[in-house]
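Peer 1: Fold the following.
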Amino acid sequence: MSNLKYIDDYFNGFPGDEQKQEFEKLIKNDAAFAEEVAFYVAAKAGFQQHAQQEKKEHFRNLYRQQQAVPVVQLKPAKRVWQYFSAASVLLFIFLLTWFVNNRKTSPDQLADTYIQQHLLTLPVTMGTQQDSLQTGLNLYKSDKLPEALQYFETMLKNNAADDAAKKYAGIVSLRLKNYDKALSHFQSLEQNTASFSNPGKFYHALTLLKRNSAGDKAAAILLLKEVVAKDLEGKETAVTWLKKL
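Peer 2: This next block holds a predicted model:
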């Protein structure tokens, strides 16, 4: 079949019009050539059919493989994963809620919050000392803390029993982070057991919480419990703090 390439070129559309006419003339006049063309056509058709059959079989096998996947087994696995994911989310929410509700607040955070909310401005108690205290409080309000401390301590030199001056001197010392001096003024203030509204013990605990040195937290807790037990000034705040410490 020496004419195979020539025949193949014809069926693939390469020949021109003259070549086509020559090709068709050969089929009519040359029996041997006609047999070669017939064999080529039959062989090509068979090959195409075989290739098409192979494709069909290939896709049929793919379909069988797809059908062979145990769908029933996948659904429970998917559901188990969904249940596991949901359980994980619920567990996370539970742990987060527990952590938020039960976590302890650091002592200095409690103290800072109280100072910011209650000790940035100080009211003056009406009385004979109003004018004298107001001068010191004006200095405090103007954020002249060292001058305010000096003023209140001068008042204490003139009258060591002045509880208002002790309280304000202690608060200014606390704001200045002079904790030892603040403790000294508050401890002196809490000695006056005759005063029902004496805040000395509460401020004493506040200073310990703010300083937050070794042993300060434990000592502050004891003081706060005493504030609650004796119904002293600062009781409500002490109850709240004891739950957080």
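Peer 1: make it CA atoms for all contacts and neighbour counts henceforth
Peer 2: Noted.
Peer 1: Let me know the next secondary structure element after the worst-scoring helix or strand of the chain on mean pLDDT.
Peer 2: Within the chain, confidence by mean pLDDT, DSSP states H and E is lowest for helix 71-102 among all helices and strands, at a mean of 59. Per DSSP states H and E, helix 71-102 leads on to helix 107-118 as the next helix or strand towards the C-terminus.
Peer 1: what's next to the helix or strand following that next one, contact-wise?
Peer 2: Going down the chain from helix 107-118, the next helix or strand is helix 130-141, by DSSP H and E. Taking contacts as CA atoms under 8 Å, 6 or more residues apart in numbering, the residues outside helix 130-141 that touch it are 120-122, 124, 145, 147-149, 151-152, 165, 172.
Peer 1: Using ChimeraX, make a named selection holding only the buried ones among these.
Peer 2: ChimeraX command restricting those to the buried ones, with burial defined by 16 or more other CA atoms under 10 Å:
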select :145,148,149,151,152,165,172
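Peer 1: Now pLDDT and distance to Ala214 too, for the contacts of helix 130-141, in CSV please.
Peer 2: Written out in CSV, the entries for the contacts of helix 130-141 read as follows (pLDDT from 0 to 100; distance: CA to CA, whole Å):
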residue, pLDDT, distance to Ala214
Leu120, 90, 27
Thr121, 85, 30
Leu122, 82, 30
Val124, 61, 35
Leu145, 96, 27
Glu147, 97, 31
Ala148, 96, 30
Leu149, 96, 27
Tyr151, 95, 32
Phe152, 95, 30
Ala165, 94, 29
Val172, 97, 23
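Peer 1: Please parse the chain into its domains.
Peer 2: Under automatic domain parsing, the residue ranges defining each domain of the chain are 4-67, 70-103, 107-244.
Peer 1: Ramachandran angles for Glu233?
Peer 2: phi -60, psi 130 (degrees, to the nearest 10).
Peer 1: For burial, what's the neighbour tally of it?
Peer 2: Applying other CA atoms under 10 Å, we find 18 residues neighbouring Glu233.
Peer 1: Packed most tightly, which of the domains of the chain would that be?
Peer 2: Here the criterion is mean neighbour count by mean count of other CA atoms under 10 Å, and of these the winner is domain 107-244, at a mean of 17.
Peer 1: Can you give me the pLDDT of Leu245?
Peer 2: pLDDT, Leu245: 85.
Peer 1: tell me the contacts of it?
Peer 2: Remark: with contacts taken as CA under 8 Å, 6+ apart, Leu245 is in contact with 104-107, 221.
Peer 1: which stretches of this protein aren't confidently modelled?
Peer 2: 1-2, 13-16, 44-104, 124-130 (pLDDT under 70).
Peer 1: Recalculate using a threshold of 80.
Peer 2: In the predicted model, the chain carries pLDDT under 80 at residues 1-21, 23-105, 123-131, 194-197.
Peer 1: Next, the contact list for the nearest residue to Val228 once chain neighbours are set aside, please.
Peer 2: The shortest distance from Val228 to any non-neighbouring residue, by CA to CA, 6 or more residues apart in numbering, is to Lys235 (5.0 Å). Residues touching Lys235, when contacts are defined by CA under 8 Å, 6+ apart, comprise 224, 227-228.
Peer 1: likewise Ala238?
Peer 2: Applying CA under 8 Å, 6+ apart, one finds that Ala238 lies in contact with 202, 224-225, 227-228.
Peer 1: Over to it. Which of the three states is it?
Peer 2: For Ala238, the secondary structure call by DSSP: H, G, I helix; E, B strand; the rest coil comes out as helix.
Peer 1: for Phe33, same thing?
Peer 2: Classification of Phe33 by three-state DSSP places it in helix.
Peer 1: How about Leu156?
Peer 2: For Leu156, the assignment made with three-state DSSP gives helix.
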